[in-house]
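**Q** Here's a sequence, model it:
(one chain, ligands or ions: 1)
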Amino acid sequence: MTLRLGGFVPWSGIDYPGRQAAVAFVSGCPWRCPYCHNSHLWAPQATISWGRVRSFLETRQGLLDALVISGGEPLAQAAGVAAALVEARDLGFAAGLHTAGVSPRRLAGLLPVLDWVGLDIKTAFGHYPAITGRAGTGTAARAAARLVIESGTPYELRTTVHPELISEHELVTMVAELATLGATALTLKGFRPTGCPSARLNTHYRPWLTSTLAQTLREIMPAIVLPDP
Ligand code: SF4
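**A** Residues are numbered from 1 along each chain as shown. The predicted model follows:
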């Protein structure tokens, strides 16, 4: 199996809702979000083998619930990710995936072996290139969101908000677009400077969630999860 992993966390209580998970980080990502906190994984290099991860999992059967593949961008190595997740499931672990949905075609191929998906939504679909630095990314993200929402696989949609990158209008548009696709929940998270390669973003973060904006977002999507103002 070819799978370039750039990191591994043997235990996490926050990467798969309600499950104790090990997390393997795929290296390589075709997008360039300026707030990325895993920018050290942009280059496709391997620092840990799948064999070592698998050996670890074999010692944790009955002790951990799940394996989550994160990144970087797992869809950049979809074949290797699928093979790894099948092996993890055969060992008795639930299979989770963190993705930005860079390739809806590859995501569609992975969904049958997934027990849970965490899909990052960057902004309103028409504004994606302003964050990802890549043309056509909003089209891919919309198709990926539709796939996940309609898949029947448990999922979480989540968005990192930095007011320098996403305006109130774009936030409202994004939530409305997701509601139109059938999403009933979305988790908004404030930007964290950890690992972010942009000095400007690190120094220009400011509170962005007003009570008026919170009310507007809840009117569109009542179950939306908002951070503390
Ligand atoms: S898609 Fe994810 S891993 Fe890739 S640059 Fe954006 S935040 Fe980083």
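**Q** In which helix or strand does G18 reside?
**A** For G18, there is no helix or strand it lies in under DSSP states H and E.
**Q** What of the one 5 residues further on?
**A** In this assignment (DSSP H and E), V23 forms part of strand 21-26.
**Q** Is that strand in proximity to the ligand?
**A** No: taking C-beta under 6 Å from any ligand atom as the criterion, strand 21-26 and the ligand are apart, separated by no less than 9.2 Å. C-beta: built from backbone N, CA, C; applies to glycine.
**Q** and the helix or strand that that strand is followed by, what other elements does it pack with?
**A** Going down the chain from strand 21-26, the next helix or strand is helix 50-58, by DSSP H and E. Counting contacts by 3 or more C-beta pairs under 8 Å, 6 or more residues apart in numbering; DSSP states H and E, helix 50-58 is packed against strand 5-12, strand 21-26, helix 78-90.
**Q** now what about the shortest one, what contacts it?
**A** Yep, that's strand 21-26 we're talking about. Applying C-beta atoms under 8 Å, 6 or more residues apart in numbering, the set of residues contacting strand 21-26 from outside is 3-13, 15, 38, 41, 48, 50, 53, 56-57, 60, 64-74, 76-77, 81, 84, 93-94, 96.
**Q** Please apply the same query to the longest one.
**A** With contact meaning C-beta under 8 Å, 6+ apart, helix 78-90 is reached by 1-4, 24, 26, 50, 53-54, 57, 67, 69, 74-75, 95, 97, 103, 106-107, 109-110, 113-115.
**Q** Who are the packing partners of the helix or strand immediately after that helix in the chain?
**A** Per DSSP H and E, the first helix or strand lying C-terminal to helix 78-90 is strand 94-99. Counting contacts by 3+ C-beta pairs under 8 Å, 6+ apart, strand 94-99 packs against strand 66-70, helix 78-90, strand 116-120.
**Q** which of these sits most buried?
**A** Highest mean neighbour count among the helices and strands packed on strand 94-99 (mean count of other C-beta atoms under 10 Å): strand 66-70, with a mean of 25.
**Q** who does that strand pair up with?
**A** Paired neighbours of strand 66-70 in the sheet (DSSP bridges): strand 21-26 (parallel), strand 94-99 (parallel).
**Q** and these as JSON lines, adding mean pLDDT, distance to N202 and mean neighbour count?
**A** Listed next are the strands paired with strand 66-70 as JSON lines, based on pLDDT from 0 to 100; distance: least, C-beta to C-beta, whole Å; neighbours: other C-beta atoms under 10 Å:
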{"stretch": "strand 21-26", "mean pLDDT": "98", "distance to N202": "22", "mean neighbour count": "25"}
{"stretch": "strand 94-99", "mean pLDDT": "98", "distance to N202": "23", "mean neighbour count": "25"}
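**Q** Reformat those strands as CSV; add distance to G136.
**A** Shown next, in CSV, are those (distance: least, C-beta to C-beta, whole Å):
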stretch, distance to G136
strand 21-26, 21
strand 94-99, 17
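**Q** wait, which of these is closest to H204?
**A** H204 lies closest to strand 94-99 among the strands paired with strand 66-70, at 26.2 Å (C-beta to C-beta).
**Q** got a list of contacts for the helix or strand of the chain with the lowest mean pLDDT?
**A** Here the helix or strand of the chain ranked lowest by mean pLDDT, DSSP states H and E is helix 199-203, holding a mean of 89. Outside helix 199-203, the residues that touch it by C-beta under 8 Å, 6+ apart are P34, Y35, H162, E164, L165, F191, P193, C196.
**Q** Quick one, which of these has the minimum pLDDT?
**A** Here the lowest pLDDT out of the contacts of helix 199-203 sits on P193, with 82.
**Q** With that, I have no additional questions.
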